[in-house]
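Q: could you work out the structure for the sequence below:
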Amino acid sequence: MQKITTPADLMETVNAFRMSRLILTAFELGIFDHLSGTSLTSSALAGKMGTDPRATDRLLNALTGTGLVHLKNGSFFNSGFSEKFLVHAAPSFLEGLGHSVSLWKTWNTLTDAVRAGHSVADIVQNDINHRGDAWIEPFIAAMHARGIAQGKELAALLDLSTTFRVLDVGGGSGAFTFAFIERNPAITGVIFDLPNVVPVTQKYIDKAGFNGVVATLKGDYLHDDLGNGFDLVLMSAIIHINDPAENRLLIRKGAAALKEGGQLVIIDHVMNDDRTEPFAGAMFTLNMLAGTKHGDTYTELELREWMLDAGLAEVRLITAPSGMQVMTGNKCKIS
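A: I've put the predicted structure just below:
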């Protein structure tokens, strides 16, 4: 991020939320879907969406300034970019936008969360397994979009030549496991996730054509058995949900699920000792404060301690070219 050095920088940054809210409101109302392949007057569009005609007109007028919609002869239509990325039916639709709507609601409570020392957002009073499909499906879609790119990069970083059974803890859509299989077709996988998430996971498995190759397992990773005999246990973007004691337990369980010589792989923001870098991790810490009961980001030293405590060796931090941070450790063979 560019540092703020002038009053103009500050005001531009502070007021950037207005552009974000404009686009997210258009997305929530389904404007891009309604305009797909056609053009409509603001009053006609308001009729389709059930919104106020004058307010809809003013929203669309502002939206033309983004270049996402255009106005010609009194009618609005999508830009080429919007047709490609903002229409749900488009192959390149940006899946993460639905989750961004959810994040807006939790980040709006950040001031009170800092005062309280924990999340005060209403939705967080229910854990993920009880938030309903309206929250879960956009969340998993956003994680899938991230996982497609990161999965390919991770598969290229790791030695998967002797990996045949993979356990993906909190694996969501299974995107990382899919990438491993594409790298080494001899791999089979198990996606472990919450009962309300697994039906969504199965949809992604079906779509990817990995039935019979990737299975699902329902449970709570802090309370239920993870199985055993795996060559690789992956924990992607779940460490930050937990408190330190929970992470120590989870990593022990992950190590116990490994075969001798297997590897535990953790993907998350890994902070420096004073927790100021990387900046993306420092910002994500606030995301966890506003949006979870007791989530946080953790330092390399903390993760290393937990992994060594679980009996793992050769613990190391890998920073990928994209900036993705990966902690790995191997389960020692008994001589």
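Q: who touches Gly96 in this structure?
A: Ala141, Ala142, Ala145, Arg146 (Cβ atoms under 8 Å, 6 or more residues apart in numbering). The C-beta positions use only the backbone N, C-alpha and C, and glycine is treated the same way.
Q: nearest spatial neighbour of Met271, chain-adjacent residues omitted?
A: Using Cβ to Cβ, 6 or more residues apart in numbering and skipping residues adjacent in sequence, the residue nearest Met271 is Thr299, 4.7 Å away.
Q: quick one, strands of the stretch 201-335 of the chain?
A: 214-218, 230-236, 258-267, 270-271, 298-299, 312-319, 325-331 (DSSP state E, counting those that start in this stretch).
Q: ok, Val120 touching Asn108?
A: No. Between Val120 and Asn108 there is no contact under Cβ atoms under 8 Å: 10.5 Å.
Q: how about the residue in this protein that sits furthest from its center?
A: Asn73 (41.0 Å; Cα atoms, centre = their mean).
Q: distance of that residue from Leu40?
A: 12 Å (Cβ to Cβ, to the nearest Å).
Q: same check on Val69?
A: 10 Å.
Q: tell me, what's touching those two both at once?
A: Phe76, Phe77.
Q: neighbour count for these two, which is higher?
A: Neighbour count, other Cβ atoms under 10 Å: between Val69 and Leu40, Val69 has more, with 23 against 18.
Q: in the sheet, who's paired with that one?
A: For Val69, the beta-bridge partners under DSSP bridges are Asn78.
Q: quick one: low-confidence parts of the stretch 101-250 of the chain?
A: 123-132 (pLDDT under 70).
Q: tell me where it has helices.
A: 110-116, 133-157, 175-183, 198-208, 244-256 (DSSP state H, counting those that start in this stretch).
Q: can I get those helices in CSV with mean neighbour count and distance to Ala310?
A: Shown next, in CSV, are the helices of the stretch 101-250 of the chain (neighbours: other Cβ atoms under 10 Å; distance: least, Cβ to Cβ, whole Å):
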stretch, mean neighbour count, distance to Ala310
helix 110-116, 13, 31
helix 133-157, 19, 21
helix 175-183, 23, 21
helix 198-208, 17, 26
helix 244-256, 19, 4
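Q: so what's the residue count around the residue nearest to Met271?
A: Counted by other Cβ under 10 Å, the residues lying close to Thr299 total 15.
Q: so who does it touch?
A: Thr299 neighbours (Cβ under 8 Å, 6+ apart): Val270, Met271, Asn272, Asp273, Arg275.
Q: what's the end-to-end length of stretch 57-75?
A: 10 Å (Cα to Cα, to the nearest Å).
Q: ok, now stretch 286-300?
A: First-to-last residue span, stretch 286-300, Cα to Cα: 19 Å.
Q: averaged pLDDT, that stretch. What do you get?
A: Average pLDDT, stretch 286-300: 93.
Q: now do the buried residues in stretch 67-80.
A: For stretch 67-80, the buried set under the neighbour-count rule, 16 or more other Cβ atoms under 10 Å, comprises Leu68, Val69, His70, Phe76, Phe77, Asn78, Ser79.
Q: tell me the one of these nearest Met11?
A: Leu68 (23.7 Å; Cβ to Cβ).
Q: burial of the closest residue in space to that closest one that isn't next to it in sequence, as a residue count?
A: With sequence-adjacent residues excluded and distances taken as Cβ to Cβ, 6+ apart, Leu68 is closest to Ser82, at 4.8 Å. Residues near Ser82, counting by other Cβ under 10 Å, number 23.
Q: hmm, Ser82 is touching Thr66, no?
A: No. Assessed by Cβ under 8 Å, Ser82 is found out of contact with Thr66, at 9.4 Å.
Q: how far off centre is stretch 245-259?
A: 22 Å (Cα atoms, centre = their mean, to the nearest Å).
Q: neighbouring contacts of that stretch?
A: Contacts for stretch 245-259 (Cβ under 8 Å, 6+ apart): 165, 167, 169, 221-222, 226-233, 235, 238-239, 242, 264, 266, 298, 306-307, 309-312, 329, 331.
Q: repeat the analysis, applying 7 Å as the threshold.
A: 167, 169, 221-222, 226-231, 233, 235, 239, 242, 264, 306-307, 309-312, 331 (Cβ atoms under 7 Å, 6 or more residues apart in numbering).
Q: on that earlier part again, comparing Val120 and Asn108, which residue is more hemmed in?
A: Val120 (17 against 12).
Q: centroid residue for the chain?
A: Met143 (3.4 Å).
Q: contacts only, for it.
A: Neighbour list for Met143: Gly172, Ser173, Ala237 [criterion: Cβ under 7 Å, 6+ apart].
Q: burial count for the last one?
A: Translated: Ala237. With other Cβ under 10 Å as criterion, Ala237 counts 19.
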